[in-house]
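Undergrad: Can you look at this prediction? I've put the sequence above it.
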Amino acid sequence: MSHGNLREEKDCLNCGHFVEEKFCPHCGQENIQTRQPFHYLFSHFIEDFTHYDGQFWGTIKKLLFKPGQLTTTYLEGKRQKFVPPVKLYIFISFITFFLPNLLPSSNDKDAGQIDQTSLAKEQSNQIIKPIEELQKAGTLSENTVQTVKKELNIEKDSLAKETESRTTSRNKGISIDVANLEELDSITRLPENRKILFLKPALKKYVELKNKGLSNTEILKKTEETIIHTLPKAIFVYLPVFAFFLWLFHDKKKWWYFDHGIFTLHYFSFLLLSTLIFTIINRIYSFLPDYFIFNAVYTLTTIALFIYTSLYFFKAHRKTYGTKKSVSIINGILLFIVNFIGLISMLLILVYISIIMLH
């Protein structure tokens, strides 16, 4: 640990208790001088980092390759060598949803192509306008103008459709075409459209965004960003619900709700970590050429990751709770079905609320 100069005084500067040796037995603070040499800042940082680094990678290793062992070890009281469950979940959650934004993606190329297409359309439109003015002045003939338009692949009908600010929503064969909020209200009052009445707030927000001048692509991008920002919230909110279902399926005297909470934090940390691994693999694959060997390796890797992720819960459950293999499988299947429905429902509700609050 630290090599800072120790104080001669035996009173803890943090809590005031008597310090017989190097660390306070009451609060754990090191009894060192408040002022140290300048190099102490760097040596202390390196010591703390390497200590946490070893603790972190040891935790990740057990979390990935020893299903349930990390939870069992923690509940036995052996906690010093591993990252605490809450800190582990928060850290993995952060890197899972933050790191992919820093990674390059082949989609950036597609975005560049889309921008170039939009720019080409805009430039073509700028060329057409002065040509039409020359036609009105009698300088150019109609045939000449039509020839130029065909060469630029621009037609008045297509331009009108692109600039038209109307919304089309489809649900089970029902087509709704609305241009403003008043028309939306009148349409949703019709008896044949009552089945989609619950979508009215989302449709209302869609019409408002269209009236502000946003394109379908921009609205879709905003919606995707909303889902990405909502997902970690939905997972975090669902943690105690998941632990509650575990509590229902196990002996209440033997297992406390706290125990189920530790299992839940470790299991969801694994799910987030596996999601991050899949994202990184997918990003790498997007840059690889379309060769059979690369496609085969990618397919086999994703299948293996999916199977391992699916079986992880059963292995972790059996290791933690010490149940028989058959009991663990039955409980695992029931818990998986119940929690899958619950998590998807909560995610849809939060996404729906987030869409309504788009601005």
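TA: Received the coordinates, thanks.
Undergrad: Show the average pLDDT along the particular helix or strand that has Thr302 in it.
TA: Following DSSP states H and E, one finds Thr302 within helix 292-321. On average, the pLDDT along helix 292-321 is 91.
Undergrad: now for it, which elements pack on it?
TA: Under the contact definition 3 or more CB pairs under 8 Å, 6 or more residues apart in numbering; DSSP states H and E, helix 292-321 sits against helix 69-75, helix 257-287, helix 325-356. C-beta here means a position set from N, CA and C on the backbone, and glycine is covered the same way.
Undergrad: Deepest-packed of those, please.
TA: helix 69-75 (a mean of 20; mean count of other CB atoms under 10 Å).
Undergrad: what sits up against it?
TA: Residues outside helix 69-75 that contact it (CB atoms under 8 Å, 6 or more residues apart in numbering) are 59, 62-63, 79, 82, 85, 259, 262-263, 266, 316, 319-320.
Undergrad: what's the answer for stretch 254-270, then?
TA: With contacts defined as CB under 8 Å, 6+ apart, stretch 254-270 is touched by 63-64, 67-68, 70-71, 74-75, 85-86, 88-89, 92-93, 235, 239-240, 242-244, 246-247, 250, 309, 312-313, 316-317, 320-321.
Undergrad: again, only this time at 6 Å
TA: 63, 70-71, 74-75, 85, 88-89, 92, 239, 242-243, 246-247, 320 (CB atoms under 6 Å, 6 or more residues apart in numbering).
Undergrad: Of the residues you listed, which is the most crowded?
TA: Most neighbours among the contacts of stretch 254-270, by other CB atoms under 10 Å: Leu70, with 30 neighbours.
Undergrad: How about it, nearest residue that isn't a chain neighbour?
TA: Lys62 (4.5 Å; CB to CB, 6 or more residues apart in numbering).
Undergrad: which secondary structure element contains Glu9?
TA: Under the criterion DSSP H and E, no helix or strand holds Glu9.
Undergrad: Show me where the stretch 151-300 of the chain has its helices.
TA: Applying DSSP state H, counting those that start in this stretch to the stretch 151-300 of the chain gives helices spanning 156-163, 181-188, 200-211, 216-248, 257-287, 292-321.
Undergrad: For Phe97, find the nearest of those helices.
TA: helix 216-248 (5.3 Å; CB to CB).
Undergrad: what residue ranges in the stretch 51-200 of the chain are flagged as low confidence?
TA: Across the stretch 51-200 of the chain, the ranges flagged by pLDDT under 70 are 51-53, 105-200.
Undergrad: still on that earlier bit, nearest to Ile280 among the contacts of helix 69-75?
TA: Leu63 (16.8 Å).
Undergrad: distance of that closest one from Ile341?
TA: Leu63 sits 26 Å away from Ile341, going by CB to CB, to the nearest Å.
Undergrad: One more: Tyr308?
TA: Taken as CB to CB, the span from Tyr308 to Ile341 is 23 Å.
Undergrad: Please apply the same query to Lys222.
TA: Distance from Lys222 to Ile341, by CB to CB: 28 Å.
Undergrad: what's the answer for Phe23, then?
TA: With CB to CB as the criterion, Phe23 and Ile341 are 50 Å apart.
Undergrad: ok, the residue nearest to Leu70 - how many residues close by?
TA: Using other CB under 10 Å, the number of residues around Lys62 comes to 19.
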